[in-house]
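Asks: any chance you can model this:
(chains A and B)
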There are 2 protein chains.
Amino acid sequence: MESERDTVRKSLYEMVDMERAIEQVVSTCQDIFLASSKSGAGYSERVPLSECYGRVLADDLFSVVDVPGAPVSMKDGYAVRMSDFEAPVSPQHEAAGTRVFAVKMEMHATQTGEEQIPVLPDGCVAYVATGAVLPLGADAVVMVENTRAASDESVEILKAPYCRGQDIRPRGVDLAKGQLVLSKSELILEAEIGLLAACGVSHVSVIRPPVVGVLSTGDEVVDVSESRSAALSAGSTYDSNRPMLLAACAAAHAQVVDLGIVHDHAAELERTFMDACAKCDLIVTSGGVSMGRRDLLQRILASKGTVHFGRVRMKPGKPLTFATLLPNAFEPDAPPLPRTRVVLSLPGNPVSSFVCLHLVVIPAIRSLQGHASPLPPIVDAVLAQDVKLDPERPEYHRATLVWNAELGAFQARSTGVQQSSRLLSARSANAFLVLPALDETLKSGSKVRAMLIMQERLNG
Amino acid sequence: MESERDTVRKSLYEMVDMERAIEQVVSTCQDIFLASSKSGAGYSERVPLSECYGRVLADDLFSVVDVPGAPVSMKDGYAVRMSDFEAPVSPQHEAAGTRVFAVKMEMHATQTGEEQIPVLPDGCVAYVATGAVLPLGADAVVMVENTRAASDESVEILKAPYCRGQDIRPRGVDLAKGQLVLSKSELILEAEIGLLAACGVSHVSVIRPPVVGVLSTGDEVVDVSESRSAALSAGSTYDSNRPMLLAACAAAHAQVVDLGIVHDHAAELERTFMDACAKCDLIVTSGGVSMGRRDLLQRILASKGTVHFGRVRMKPGKPLTFATLLPNAFEPDAPPLPRTRVVLSLPGNPVSSFVCLHLVVIPAIRSLQGHASPLPPIVDAVLAQDVKLDPERPEYHRATLVWNAELGAFQARSTGVQQSSRLLSARSANAFLVLPALDETLKSGSKVRAMLIMQERLNG
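Replies: Okay, here's the model as predicted:
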């Protein structure tokens, strides 16, 4: 214990800038993803259409069908031959500006086979419903609003400048057989699911989601599931980071593994890391912010891999640590395994954890899943109140952005006291204001940069 | 068939404005939600913390614990009594600007019980790690950086203006027992999950998600699961709407029910509606855009409930229909059931369906789930190219918005040809440009209003 007090007064690590830190995490994860996409090992998986929402396409996708499969009508109306409009017309109809045709058939939208499509006799028309296949020979559709029923078997068509192809969807106009429909690396949301279905794709190859293990450290940390069985002792804290991180990683479409709470004990921590290395692409820890504890964790990371940074010039979240480990780091005699493991060690303070989650954990997950733009979007916003800056470190200030139609801009309201233990400052937030380190106060109305997070909340 | 051709040349329904239509759907759903929140029937359900992401809180939530549960140190350092700094100091230390204290104890962050907290003897200090409970009597923490180890049992503390309470998190400062932590109707995302866990909440009452049934209609429509067994006939279309709608409704946190494909047959359609009414809060249909088919559907809706509108002045999506049914409409002798059923009948064209999904279906789901702001946010955007307006109907033009830092504004790029059958125009879209009905072309650089959709895609 004595040694701990004496040796740890200074951090071992250089302070790095946050933008550099983010860049380093993202490019490392992108490299890991690229390597796996080249080797193919554990790169993609085939899932039914109903399970691919939010996933990333593993291969280019081409249509195997024409949509529509035959020329179809875009309107309820009459399929005609344009050449029939050149025939002479009776003086009576000439005067009325109409032309009478025999209605020889009726076509509805059904599963018409190629061989079932009839030929439209010369001088006749066919009633066609929206979506119905046109009879062969028809080259325009006159919508029902331009017609008048003349008798049970005939229709009067108003003279109008109809043109060839009018109100017809030609075969393959929406999607042509062989056409590139979606590209490798595209995000699949509902529009893309519709497109895949339209092409007859029922199963699709998507990038395998990264497996993300989440653990909390600390002797004082208690699992919330124990909240029913016992009163909380004065020195204990319910573990808020692990449930928060697990939920956010799952929402970012990672496959999450709950690694539990690990006490401040070197062997226990090492055992957990060994297990995690065997199955997780990314290991996210939180806690261990005091210098003695950080030593425990950083000693394992340094001895089993490379610590890329251990301190970041930012507020909150300074002790953020980023390391990579070989997957067989704990079993040196095992054959080398394909994927480098990524470790992100977040501070234990709930707000620091929350900020680091959005700045590096989610971008890491997105990078490991092949997203082209892994970082949260940054927009401009106008401050709704004065905000005091931190003179020493750039700050990621929790705020709620709402579009103000009068201003024609996002207006940003601080979520209040920004102390790093006060998780209430993350409640209802949908942005971090990216504030520079300056010894001054930004006035209400100033323009700031804002990073959008939890965008589901943009609705307010 | 003859009668169909003759009687359906005009729609039965007045054309309504889209903004009015959206308002009507949302306020009806909000009323249904309010009624159920009053009666309590099927209003909420209790779920574990791990399942409440994206859900809406059913009740106000108060903390049952103080966080922290006792005063704790915010730094690695020494807990002191401020009064000890008033005692005289040796000339040697006076000159060095320091003061020496005996280190009598060491406190770490652990599950310390109230009764285990020691008293700090007068004139002594205690080593405290970040997060450790302070010994009784200590009223400030001096961080380790302001100290120097004097011997194994003593520490030299630099003279500095320390103040009472320095670097101490008082009991309950982050969350106080009895404090309102989250309000009824708040959306639960990761920050709120962290807050709930911090308060020791392992299970939470959330609004029951609406049950949403989705069906497609049309004799020509083929389920994509059949794509492996048979070639598609010329007149057939794979059902793209149902997979798209099911995925989007599930992503909006509804509980979805796949009602399948229903053919153009009155009895079959009625039977499906009867089943759906028994279990679904919201029934979403698509297809049946031709006038004869619309009759089939609208006849059922009109006879079993109220059709609020059947045509909307918008592009695409004009035939959008909104109705409400009593849950026992199909079993008139059954006792009245509590919730009115909502029906949204979308046009069959994939793009019309996609637009109506975002304009009314998702807002309906959000309203039925008690969201305070059910509508998608609307922002300003600058056109990246010329866009031709529709002279007759306001248009919801699919576009991709990207924040342009140079412009300090969202820049909107059209997704290309906007024909309502061309679902490719929804690919990669993250907004609808809300364009007025005018016979002109908006020039590149013009400002337009844009409705944000699929916000997961704002990252690009």
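
Asks: close to chain B: what parts of the stretch 301-450 of chain A are there?
Replies: A:348, A:350, A:353-354, A:357, A:366, A:371-380, A:403, A:405, A:408, A:410, A:419, A:421-424, A:426-429, A:447 (CB under 8 Å from any CB of the partner chain). Just so you know, the C-beta spots here come from the backbone N, C-alpha and C atoms, and that holds for glycine as well.

Asks: strands - which of those land there?
Replies: A:I378, A:V379, A:D380, A:W403, A:F410, A:K447 (DSSP state E).

Asks: so how far is B:W403 from the fourth one?
Replies: Computed as CB to CB, to the nearest Å, the A:W403 to B:W403 distance reads 13 Å.

Asks: just the buried ones from the residues of the stretch 301-450 of chain A next to chain B, in PyMOL syntax?
Replies: Only the buried entries of those go into this PyMOL selection, using 16 or more other CB atoms under 10 Å in any protein chain shown:
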select buried, chain A and resi 348+350+353+354+357+366+371+374+375+376+377+379+380+403+410+419+421+422+423+424+426+427+428+429
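
Asks: show me the contacts for A:T272.
Replies: A:L215, A:L259, A:G260, A:V262 (CB atoms under 8 Å, 6 or more residues apart in numbering or on different chains).

Asks: in the helix or strand encompassing it, what counts as buried?
Replies: For A:T272, the host element (DSSP states H and E) is helix A:266-279. Neighbour counts over helix A:266-279 (16+ other CB under 10 Å) mark A:L269, A:E270, A:T272, A:F273, A:A276, A:C277 as buried.

Asks: thinking again about what came up before, let's see which of the contacts of A:T272 end up in strands.
Replies: Residues of the contacts of A:T272 located in strands (DSSP E): A:L215, A:L259, A:G260, A:V262.

Asks: A:A251 - nearest residue in space that isn't next to it in sequence?
Replies: B:Y53 (5.8 Å; CB to CB, 6 or more residues apart in numbering or on different chains).

Asks: the one you found contacts A:A250, correct?
Replies: Yes. Between B:Y53 and A:A250 a contact is recorded at 7.2 Å, counting by CB atoms under 8 Å.

Asks: tell me the residue in chain A that is farthest from the middle.
Replies: Here chain A reaches farthest from its C-alpha mean at A:P91, the gap being 65.6 Å by CA atoms, centre = their mean.

Asks: ramachandran coordinates for that one?
Replies: phi -60, psi -40 (degrees, to the nearest 10).

Asks: ditto for A:E19
Replies: According to degrees, to the nearest 10, A:E19 has phi -60, psi -40.

Asks: next: the one 3 residues further on.
Replies: With angles defined as degrees, to the nearest 10, A:I22 shows backbone torsions of phi -60, psi -50.

Asks: following element in sequence after the lowest-mean-pLDDT helix or strand in chain A, please.
Replies: Within chain A, no helix or strand scores below helix A:2-7, which has a mean of 40 by mean pLDDT, DSSP states H and E. Reading on from helix A:2-7 to the C-terminus, the next helix or strand found by DSSP H and E is strand A:15-17.

Asks: gap between that next one and the chain center?
Replies: 29 Å (CA atoms, centre = their mean, to the nearest Å).

Asks: check stretch A:17-31 too.
Replies: Using CA atoms, centre = their mean, the offset of stretch A:17-31 from its chain centre is 19 Å.

Asks: please apply the same query to stretch A:12-19.
Replies: Using CA atoms, centre = their mean, the offset of stretch A:12-19 from its chain centre is 29 Å.

Asks: repeat for stretch A:53-61
Replies: So, by CA atoms, centre = their mean, the centroid of stretch A:53-61 is 11 Å from its chain's centroid.

Asks: and if you look at stretch A:30-41?
Replies: Distance of stretch A:30-41 from its chain centroid, counting by CA atoms, centre = their mean, is 20 Å.

Asks: before we move on, what about stretch A:324-335?
Replies: The chain centre lies 32 Å from the centre of stretch A:324-335; the measure is CA atoms, centre = their mean.

Asks: sketch out the low-pLDDT regions of the stretch 151-300 of chain A for me.
Replies: For the stretch 151-300 of chain A, the stretches with pLDDT under 70 are A:229-230, A:289-290.

Asks: so the spatially most central residue of chain A, which state does it fall into?
Replies: A centroid search over chain A (CA atoms, centre = their mean) returns A:G54, at 5.4 Å, as the residue closest to the centre. At A:G54 the chain is in coil, as set by DSSP: H, G, I helix; E, B strand; the rest coil.

Asks: try A:I362
Replies: Going by three-state DSSP: A:I362 is helix.

Asks: that one against A:A248, yeah?
Replies: Yes. With contact defined as CB under 8 Å, A:I362 counts as touching A:A248 (6.8 Å).

Asks: looking at those two, which is more packed in?
Replies: A:A248 (28 against 22; other CB atoms under 10 Å in any protein chain shown).

Asks: state the helix or strand in which the more buried one lies.
Replies: helix A:241-251.

Asks: what helices or strands is that helix leaning on?
Replies: Helices and strands touching helix A:241-251, by 3 or more CB pairs under 8 Å, 6 or more residues apart in numbering or on different chains; DSSP states H and E, are strand A:211-217, strand A:255-262, strand A:282-286, helix A:350-356, helix A:362-368, helix B:190-198.

Asks: let me see the contact set for the residue lying closest to A:T112 once chain neighbours are set aside.
Replies: Excluding its sequence neighbours, the residue lying closest to A:T112 (CB to CB, 6+ apart) is B:G235, at 3.1 Å. Counting by CB under 8 Å, 6+ apart, B:G235 touches A:G69, A:A70, A:V72, A:A109, A:T110, A:Q111, A:T112, A:G113, A:I117, A:A132, A:V133, B:E220.

Asks: separation between the last one and B:F273?
Replies: Just to be clear, that refers to B:E220. For B:E220 relative to B:F273 (CB to CB), the value is 21 Å.

Asks: nearest residue to A:D219 in space, ignoring adjacent ones along the chain?
Replies: A:D219's closest residue in space is B:T110 (CB to CB, 6+ apart), at 4.3 Å.

Asks: now do A:F330
Replies: Nearest non-adjacent residue to A:F330 (CB to CB, 6+ apart): A:M274, at 3.9 Å.

Asks: likewise A:L433?
Replies: Nearest non-adjacent residue to A:L433 (CB to CB, 6+ apart): A:H397, at 4.1 Å.
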